[in-house]
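Novice: Could you look at this predicted model? Sequence included:
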Amino acid sequence: MDLSIDCGSPEHKLYDKYSLFFIGVYPIGVPVMYFLLLRMMRQYLDPGQAVLEFDHGAKEGLQRAIEARKKLEAEHEDIGSLTFLYSSYEPKYYWFEVIETLRKLVLTGGLIFLGTGTRHQIGMR
């Protein structure tokens, strides 16, 4: 315990506001940023997989959609920086990393909203 710190000082109150701002930036800002970046590039990330699956069947349509996305990636270098967000998913589910990020935030940070040692906390583990 450091008794030399005055929690009522203007400097401490400034850091309180600073920390609250960044508590909002990460859990809210990062998923929103991911969503906006992916949404802006959706025409390159999902080249019509649903239509291709309807026209050619599920397997053939998926394969054609993946090939079309690879071709679009080669033509548009600016989407290469987003590869880590969509490459694990089928083209029509390019946005799913946003859901995964929210899930991870709830599983890692959600425990602080539950009482320590309660049965609700056990269910989150």
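Specialist: It's in. As the structure is a prediction and not an experimental result, all values here were calculated from the model. Residues are numbered from 1 along each chain as shown.

Novice: I'd like the distance between the residue nearest the centre of the chain and L111.
Specialist: Centroid check for the chain by Cα atoms, centre = their mean gives V98 as the closest residue, at 3.1 Å. V98 sits 22 Å away from L111, going by Cβ to Cβ, to the nearest Å. No exception for glycine: its C-beta is placed from N, CA and C like everyone else's.

Novice: Pull out the buried residues from the helix or strand in which Q43 is found.
Specialist: Under the criterion of DSSP states H and E, Q43 resides in helix 42-45. Applying a neighbour-count criterion of 16 or more other Cβ atoms under 10 Å, one finds 44-45 buried in helix 42-45.

Novice: Show me what it is packed against.
Specialist: helix 58-75 (3 or more Cβ pairs under 8 Å, 6 or more residues apart in numbering; DSSP states H and E).

Novice: do you know how far the residue nearest to the centre of the chain is from A50?
Specialist: V98 is 19 Å from A50, by Cβ to Cβ.

Novice: can you give me the helices for the chain?
Specialist: 10-24, 30-40, 42-45, 49-56, 58-75, 83-86, 96-109, 119-124 (DSSP state H).

Novice: among these, which is nearest M1?
Specialist: helix 10-24 (15.2 Å; Cβ to Cβ).

Novice: Kindly calculate the angle that that closest one makes with helix 96-109.
Specialist: 130 degrees (axes from the mean of the first three to the mean of the last three Cα atoms, to 10 degrees).

Novice: G61: what's it in contact with?
Specialist: Contacts here follow Cβ atoms under 8 Å, 6 or more residues apart in numbering; on that basis G61 touches 49, 51-55.
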